[in-house]
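Enquirer: Below are the sequence and a predicted model for it; my questions follow.
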Amino acid sequence: MSELLTIENIGVTYGNIRALHDVSMHVKEGNIVCLIGANGAGKSTLLKAIVGLEPLVTGIISYKGTVIGNSQNSNSNKRRLIQLLNFRDKKKLHHGPKSLRTDEIASLGIAMVPEGRRVFADMTVEENLDMGAFLVEDEAMITKKKKEMYDFFPILGARRKQKTRSLSGGEQQMMAIARALMASPKLLLLDEPGLGLAPLIIQDIFEKIAIINREENVTVFLVEQNARMALKLSDEGYVMENGVIVLSDTSQALLENEKVRAAYLGE
Ligand SMILES: Nc1ncnc2c1ncn2[C@@H]1O[C@H](COP(=O)(O)OP(=O)(O)OP(=O)(O)O)[C@@H](O)[C@H]1O
Ligand SMILES: [Mg+2]
């Protein structure tokens, strides 16, 4: 399996607070990878860094071999950039490529469903889906994708003309996922899709995520506080504490790991 997303030694700060420190992760194409960690661990910050919403103070993020995030000020990056870019002349490299903008990153095939869903509450379901397709120019494609979404999430089809604020939390989460899928991403980043939802609804949403992964060949990077469900769904997992990755393994091994069981699975 080839590597789709590579995060190497990244750091992110908010003023004097270091939110991420020397974080490295590898997401293989076709996999579901999860990131678990307590409140404030830095999970959302990591997703924001991937899509270019938080600048890097150290490290590199690359997607299919293209540098999408680069701190541009760290000497330790240089050797790696030379490898990545197949660059020969060290002196000419300077600091390497600039980080891409969020819209440029989206157009490469990365979509994010942000924490708390962030739906446009006063718009209808259909208008929300249209917003998700803002990078798609082909009208016929937009119509086709909407039909696919209504088939896949029948409740959204039934509510397409309804204002989003009238949907339940679970329905809004499905809509946020459908909105992200409108752009036909290759990599879907999900920030706590289960937040505030009942376990049965989370189960429903996770089943949909598994189908999207398996049948549409979308690679998934899932951030979740519900560690047990996230590890059961995913192939590989990472554990973050205070902005640092403290453990990474196959999800099966993490489910059996003593430390994970005690700290995250309540056993
Ligand atoms: N815009 C910001 N300005 C200052 N500090 C921030 C900002 N956003 C996040 N932080 C801080 O950075 C740290 C990591 O926050 P982050 O939101 O990434 O955590 P998280 O793992 O997503 O938490 P949660 O599970 O509660 O969503 C926290 O200490 C948080 O207070
Ligand atoms: Mg968060």
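Expert: Thanks, I have it. Ligands and ions are numbered 1, 2, ... in the order given.
Enquirer: is stretch 259-267 up against ligand 1 anywhere?
Expert: No - if you take CB under 6 Å from any ligand atom as the test, stretch 259-267 misses ligand 1, and the best it gets is 12.4 Å. Every residue, glycine included, has its C-beta placed from N, CA and C.
Enquirer: buried sites along that stretch?
Expert: Across stretch 259-267, burial judged by 16 or more other CB atoms under 10 Å covers 260, 263, 264.
Enquirer: any chance you could map the strands in this structure?
Expert: 3-14, 17-28, 32-36, 58-63, 66-70, 110-113, 187-191, 219-223, 236-241, 244-250 (DSSP state E).
Enquirer: quick one on the thing from earlier: quick one: which of the buried residues of stretch 259-267 is nearest to residue 133?
Expert: Of all those, residue 264 has the smallest distance to residue 133: 36.8 Å, by CB to CB.
Enquirer: which residues does that closest one contact?
Expert: Each residue near residue 264 by CB atoms under 8 Å, 6 or more residues apart in numbering is listed here: 36, 227, 228, 239.
Enquirer: quick revisit: what would the strands of the chain look like in JSON lines with mean pLDDT, mean neighbour count and distance to residue 139?
Expert: Below are these laid out as JSON lines (pLDDT from 0 to 100; neighbours: other CB atoms under 10 Å; distance: least, CB to CB, whole Å):
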{"stretch": "strand 3-14", "mean pLDDT": "96", "mean neighbour count": "19", "distance to residue 139": "29"}
{"stretch": "strand 17-28", "mean pLDDT": "96", "mean neighbour count": "18", "distance to residue 139": "32"}
{"stretch": "strand 32-36", "mean pLDDT": "98", "mean neighbour count": "25", "distance to residue 139": "32"}
{"stretch": "strand 58-63", "mean pLDDT": "95", "mean neighbour count": "23", "distance to residue 139": "28"}
{"stretch": "strand 66-70", "mean pLDDT": "94", "mean neighbour count": "21", "distance to residue 139": "29"}
{"stretch": "strand 110-113", "mean pLDDT": "96", "mean neighbour count": "24", "distance to residue 139": "20"}
{"stretch": "strand 187-191", "mean pLDDT": "97", "mean neighbour count": "24", "distance to residue 139": "24"}
{"stretch": "strand 219-223", "mean pLDDT": "98", "mean neighbour count": "24", "distance to residue 139": "28"}
{"stretch": "strand 236-241", "mean pLDDT": "98", "mean neighbour count": "23", "distance to residue 139": "39"}
{"stretch": "strand 244-250", "mean pLDDT": "98", "mean neighbour count": "16", "distance to residue 139": "43"}
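Enquirer: now residue 210, nearest residue through space, not along the chain?
Expert: Nearest non-adjacent residue to residue 210, counting by CB to CB, 6 or more residues apart in numbering: residue 233, 6.2 Å away.
Enquirer: Quick check, pLDDT for the one you found.
Expert: On pLDDT, residue 233 comes in at 96.
Enquirer: ok, back up a step: would you reformat the strands of the chain as a markdown table and include distance to ligand 1?
Expert: Shown next, in a markdown table, are the strands of the chain (distance: least, CB to the nearest ligand atom, whole Å):
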| stretch | distance to ligand 1 |
| --- | --- |
| strand 3-14 | 3 |
| strand 17-28 | 4 |
| strand 32-36 | 9 |
| strand 58-63 | 16 |
| strand 66-70 | 16 |
| strand 110-113 | 13 |
| strand 187-191 | 7 |
| strand 219-223 | 7 |
| strand 236-241 | 7 |
| strand 244-250 | 12 |
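Enquirer: Of all these, which one comes closest to residue 102?
Expert: strand 110-113 (9.1 Å).
Enquirer: Show me what the closest one is packed against.
Expert: helix 43-50, helix 169-181, strand 187-191 (3 or more CB pairs under 8 Å, 6 or more residues apart in numbering; DSSP states H and E).
Enquirer: weakest of those by average pLDDT?
Expert: helix 169-181 (a mean of 94).
Enquirer: Off-centre distance for that helix?
Expert: 14 Å (CA atoms, centre = their mean, to the nearest Å).
Enquirer: Tell me the helices and strands packed up against that helix.
Expert: Applying 3+ CB pairs under 8 Å, 6+ apart, one finds that helix 169-181 contacts strand 110-113, helix 125-132, helix 139-152, helix 154-158, strand 187-191, helix 199-216.
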